[in-house]
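Participant: my questions are about this predicted structure, shown below with the sequence.
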Amino acid sequence: MNKNKIVMALGLSVSVGLLGCGGGSSSSSGGSSSSSYSVTAIDGYLQNAQVWLDLNKNFIWDTGEPKATTGAGGKATLDVTGVDNPESYPIVVKAIKGKTVDEDTGNTIATDYVMSAPAGEQDITPLSTMVHVLLERDETLTKDEAVQTVATQLGITSDDVLGDYIEDNDVEAAFGAKTLVSSGVLPETPEELASEADEETTTTSTFLTEAQTVNTETKEHIETEKSALGEGEELNLDDKVGTFDPVTGTVTFEEDSDGDGVANSQDWAPDNSEEWLDSDGDDIGDNADTDDDNDGTLDVDDAFPFDAEETTDTDDDGIGNNTDTDDDNDGTLDTDDAFPLNPEETVDTDKDGVGNNADTDDDNDGALDGDDAFPLNPEETTDTDKDGIGNNADTDDDNDGILDVDDSNPTVPDLNPIEQVIQFMQNNSMFYALWADHEYNDATGTESVEIYVEKFTLANNIGTVTEAYQMLPDGRKVADEPDANDEDDIVLGPNGWQTFNDTYAIAINSDAVSVYPEEVPSLTNTAYGYVKDLSGLNMAEHSGELGDYVDADAVFPEGAEGGIVKLTADVDQYFLWFKPWFWRASGNTSDDGHNATNLTEIQVAPADISQTGDDVHTAKGISIGMHVGVQFVTDGTTRFMTLDWWNESTQQPGTVTINGTGTWSQVVVNGETIIRYSVPDSVVEAWGEVWDNDSQQLILSVYGGIVHSGDYLLAGQSEEDDEGYLLNETAKEALIGAVNLPGWCPITEVASGATLADFQAQIADCQLPVMDPEGAVLYRVNSSGETRVQAYAANNEALRFKNGTPSTKYWMVNQEGTLEFGDDAQNIWDYKRAIMDVDEDGILSMATFDPETGEISLGLYQEVDLSQPFTYCETSNSDWDEVNEVPTTFFSFNTYADALKGCVDDTAYRAAKFTSTFIGEQLVMKDEDGTITFLANNTGTFVSTDENIQFTWTEHDAENGIIALSYSFVDDNQVAQNNTTYMGFAYSNGIQFNVKGFTVSTEWNGNTIDSQGEIWDGLFIHPESEQTLINYGFIEAPTP
């Protein structure tokens, strides 16, 4: 995809990464993701059963989960469009009394029941239900172990447990499954099945317990039947039906005289295969009875044929209208709904019997709603200046500062449109442009979107970008360096192709506005536009391309204003955006790639052009989108084509479809050879959403030895639908707040005074990851360089390490999914919620509420893996003479400082700082030589097996986290000596600290900072930390 010049200039571009613009498209002989997923519901094969893909794994069908009704053979096909890897989710089947038909008997089932199958299984049976529940209740159980459990109970092989036992003619598995149904042990509702599968809800599973009993008895019955077989006789289990008495826990295999699948003892009509139940006791079997619940409504017209209290369910939500408080499920209670049975209507402002949604004049004032600025106010119809005051009440309709009584044209402002823009820029002096950068991943079919903000400051009538940053999903701002991010953007300058950083300037020239790249000021564009009061307007419709990513219902607040601008090119402009994929049609798809090196090799002779129906691998051309491209014929024509790389029906490579033709030409501009061509409207229409370019005027040219793709704009041309928005502060803040993207959850930090309700409100509408911290160790360094670690053990126990010092705490995840952390359940320090993974280095962003201060903060946490080797900073360490116990190489303090900084800069996360703040009242650490204690009064001790040294310490360099420790001693020659040791943290995980040190001594070369000294490093840890971590299972005890 190319980039609009106006949106580059004003920041409202969606610049697609290489893959989304066809850059990542390539031929493939492999299969692609399917939009359908086939499943089978089996007791016998079940028709008219409901089946769904359980995306959130709660066993209950939720809106958005693929759902279908089974047909012949129990088959159903789920539409899984947009679902990656449907085999990763379980399947649930709901069999409905009186509706679902068991093909084994040809009759509807007598009772409701629910079945499921674990992820990856497409046959849903009573046996798969047992396997699924076993797996859900015991996370340590493997699938094979769960299958073996069921197989052992029934006395069948593990291969017969999952799958289609009818198709495989597994008589014993089929009988075991049917007995689970006829015994009535299967859950009747999805909610009941969910409860049975949740070990936290029920300590034991009634379903599994009763099913085990049924299976064991079934096994014995089968063995008895098999033992009675004569030579050559085949096992027939169809003449008996198993029933279960939950009181006695016994299973009885009874006769089924009429073969309807219901045991005689439970069959209302044991000798009539057409009937087995009389729900309303009227002596007419349900199958013959046209009103099973005898409520006066025929079953065919009754949404609840077995419930005499309900007949209708307008919104099909499973709740009858008599009970439902919102019959049409439109979000408005029936008591407040003017049309309680019409989901399309709720209000009738003018009481004319026509709902507002259908009414073309809601307030019945004679002005159609589409033309009425106040469709619900019969006193007003027009608001010329969009100030929220209708013209009848407004004293200045056009808001130009001249009262209507004094204005010769009261509905037209006195300034011309571009003068309004100039005035807007001069009045605000600072204005903003917001834009989105999105990348489409061909492989996963997903899109990632990043939101950027540019701040323009006007000085001497020239607006330049003085601040640019990316808004992260958690609300943090990260400075954007355009020349680092956009180094691949290429423009044709006076001397040929050159890279530029997409940074534009906006200049006021008398009564005109000019826009140009700062690095190529000769490429000017003339702006024209107007100023718009955005107050009350829909943001999605008034924010350019950013409107694709904001809440569809959000409106701008009072005071929001913007300059709406379009550009006309003053000179011809050419841009290159990416290296396109080249299909070489060589017979070897590995030859394809972003590897065209000249404009000749991409051309084809007329005799070699592709036709509709040709094998896809014979098509030579350039990709300009997902599976679409163009052939350049040497006669000057272009052929636009769609390539179906894999045919799902034939399971073979697909074919070419020619969507249209055009022409191309070759020109030389500023010394560069360029192919120019245009994509016809008919082709764009045929490609539909696959077309993802802003311009249909495209080019190819060679840059850096590789063919690049781009677009062009000739002098006097403007790009269609290419408006940019310059926003004031109010509009900018509102637009950022309305961004609505997956994972988007901007946190507004509050210094104090907030409540837990305030915190919960900030995250209420966010789609956040589920928190399950048990076993995690999270490390944070705050802004002053202090460290905090929270290690989450089992049984809601936790460890906290404050600047390395351990203490025991409490944690739990509450019903809202928020992590509570404190001394105990009654003394919670913090409420935390993970917002987003920041990067692949295990850094995550977490929002925290402190109930004591009312602070809401946002922090970055590093996940710590204590099983991994700790990092040491050995850079520039001195060599050591072990015999004489002296260093043999000496270095300067500057060498030490550089070594420490190099290690600190090498860390992926913020570094801890050795300062007085870190030491606090007392800091105790030990290394292999002994224990060192720092006190707040700037004194301390170092104690080892043979030494007890008293020292003083000072904060040498707070910014870089270096302290200086001084002490005196008497050497082996009984000479008094003075030492100074400088210490800083090179690496840390909040529990272990790699200290980088520099020691000078009068015993060596002097005791000043200018003296040559020893550079060393060591590992320090609180004396109690290791044993504490062992006690709580975070690390293993060392081998003796």
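Facilitator: Thanks, I have it.

Participant: tell me the buried residues in the helix or strand hosting Val214?
Facilitator: Element membership of Val214, judged by DSSP states H and E, is helix 206-227. Within helix 206-227, the residues scored as buried using 16 or more other Cβ atoms under 10 Å are 207-208, 210-215, 217-219, 221-222, 225. C-beta here means a position set from N, CA and C on the backbone, and glycine is covered the same way.

Participant: likewise stretch 231-242?
Facilitator: Neighbour-count burial for stretch 231-242 [16+ other Cβ under 10 Å]: 237, 240-242.

Participant: may I see those organised as CSV, with pLDDT and distance to Ala911 added?
Facilitator: Output for the buried residues of stretch 231-242, formatted as CSV (pLDDT from 0 to 100; distance: Cβ to Cβ, whole Å):
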residue, pLDDT, distance to Ala911
Leu237, 72, 72
Lys240, 77, 75
Val241, 76, 73
Gly242, 76, 69
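
Participant: out of those, which comes closest to Asp608?
Facilitator: The closest of the buried residues of stretch 231-242 to Asp608 turns out to be Leu237 (Cβ to Cβ; 67.2 Å).

Participant: wait, what's in contact with that closest one?
Facilitator: 171-172, 175, 222, 225 (Cβ atoms under 8 Å, 6 or more residues apart in numbering).

Participant: also Ile843?
Facilitator: Contacts of Ile843 (Cβ under 8 Å, 6+ apart): 837, 860-863, 908-909.

Participant: same for the helix holding Val214, what does it pack against?
Facilitator: Counting contacts by 3 or more Cβ pairs under 8 Å, 6 or more residues apart in numbering; DSSP states H and E, helix 206-227 is packed against helix 126-137, helix 143-154, helix 171-182, helix 190-197, strand 240-245, strand 250-255.

Participant: angle of the first one against helix 206-227?
Facilitator: With axes from the mean of the first three to the mean of the last three Cα atoms, to 10 degrees as the criterion, the two stretches helix 126-137 and helix 206-227 enclose an angle of 140 degrees.

Participant: go on, the last one?
Facilitator: Angle of strand 250-255 versus helix 206-227, following the same axes, to 10 degrees, is 50 degrees.

Participant: may I see the buried residues of the helix or strand just after strand 250-255?
Facilitator: Where DSSP H and E defines the elements, the next helix or strand beyond strand 250-255 is helix 417-428. Applying a neighbour-count criterion of 16+ other Cβ under 10 Å, one finds 418-422, 424-425, 428 buried in helix 417-428.

Participant: ok, now stretch 920-933?
Facilitator: So for stretch 920-933, counting by 16+ other Cβ under 10 Å, buried means 923-926, 932-933.

Participant: tell me the one of these nearest Ala76?
Facilitator: Looking across the buried residues of stretch 920-933 and measuring by Cβ to Cβ, the closest to Ala76 is Met925, at 64.3 Å.

Participant: show me the helices in the stretch 551-700 of the chain, by range?
Facilitator: 681-687 (DSSP state H, counting those that start in this stretch).

Participant: how about the strands in it?
Facilitator: For the stretch 551-700 of the chain, the strands defined by DSSP state E, counting those that start in this stretch cover 561-569, 573-578, 582-583, 603-604, 621-625, 628-633, 637-643, 656-669, 672-678, 697-703.

Participant: how's the protein carved up into domains?
Facilitator: 44-108+111-266, 283-308, 574-713, 756-863, 880-1031 (automatic domain parsing).

Participant: and those: which comes nearest Val520?
Facilitator: Nearest of those (Cβ to Cβ): domain 574-713, 10.6 Å.

Participant: quick one: which of the contacts of Ile843 sit in strands?
Facilitator: 837, 860-863 (DSSP state E).

Participant: which of these count as buried?
Facilitator: 860-862.

Participant: if we can go back for a sec, max pairwise distance over the buried residues of stretch 920-933: which two?
Facilitator: Top of the distance list for those (Cβ to Cβ): Leu923 and Lys926, 11.4 Å.

Participant: that older thread, show me which of the contacts of Leu237 is closest to Thr105.
Facilitator: The closest of these, once distances to Thr105 are taken by Cβ to Cβ, is Phe175, at 14.3 Å.

Participant: which one is that closest one nearest to, not counting chain neighbours?
Facilitator: Counting by Cβ to Cβ, 6 or more residues apart in numbering, Phe175 lies nearest to Leu237, which is 4.3 Å off, once chain neighbours are set aside.

Participant: check which helix or strand that neighbour maps to.
Facilitator: Leu237 belongs to no helix or strand, assigned by DSSP H and E.

Participant: now it: how far from Asp160?
Facilitator: The gap separating Leu237 from Asp160 is 14 Å, by Cβ to Cβ, to the nearest Å.

Participant: ok, what's across the strand from Gly529?
Facilitator: Counting by DSSP bridges, Gly529 is bridged to Val565.

Participant: for it, what are its contacts?
Facilitator: 417-418, 421, 563-566, 723.

Participant: ok, of these, which one's closest to Asp348?
Facilitator: Distances from Asp348 to these, taken by Cβ to Cβ, are shortest for Ile564, at 36.2 Å.

Participant: quick one: pLDDT of the residue lying closest to that closest one once chain neighbours are set aside?
Facilitator: In this structure, Ile564 finds its nearest non-sequential neighbour in Gly529, 4.9 Å apart by Cβ to Cβ, 6+ apart. Confidence at Gly529, expressed as pLDDT, is 74.

Participant: same check on Thr297?
Facilitator: 74.

Participant: now swap in Leu19 and tell me
Facilitator: pLDDT, Leu19: 31.

Participant: go on, Ser33?
Facilitator: Reported pLDDT for Ser33: 54.

Participant: again with Ser27
Facilitator: 36.

Participant: returning to that earlier point: Serialize the buried residues of stretch 920-933 to a markdown table and add fields for secondary structure.
Facilitator: Shown next, in a markdown table, are the buried residues of stretch 920-933 (DSSP: H, G, I helix; E, B strand; the rest coil):
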| residue | secondary structure |
| --- | --- |
| Leu923 | strand |
| Val924 | strand |
| Met925 | strand |
| Lys926 | strand |
| Ile932 | strand |
| Thr933 | strand |
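
Participant: stretch 637-651: end-to-end distance?
Facilitator: The separation between the terminal residues of stretch 637-651, taken as Cα to Cα, to the nearest Å, is 33 Å.

Participant: buried stuff in that stretch?
Facilitator: Neighbour count says stretch 637-651 has 638-643, 645-646 buried, by 16+ other Cβ under 10 Å.

Participant: looking at those residues, spot the one nearest Thr889.
Facilitator: Closest to Thr889, out of all of the buried residues of stretch 637-651 and judged by Cβ to Cβ, is Trp645, at 63.1 Å.

Participant: measure that closest one to Phe821 for me?
Facilitator: Distance from Trp645 to Phe821, by Cβ to Cβ: 51 Å.

Participant: picking that back up, any chance of a markdown table for the domains of the chain, columns distance to Gly547?
Facilitator: Listed next are the domains of the chain as a markdown table, based on distance: least, Cβ to Cβ, whole Å:
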| stretch | distance to Gly547 |
| --- | --- |
| domain 44-108+111-266 | 22 |
| domain 283-308 | 41 |
| domain 574-713 | 15 |
| domain 756-863 | 19 |
| domain 880-1031 | 36 |
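
Participant: which one of these has the poorest average confidence?
Facilitator: Minimum mean pLDDT among those: domain 283-308, a mean of 70.

Participant: name the helix or strand for Ser807, please.
Facilitator: Per DSSP H and E: strand 805-813 holds Ser807.
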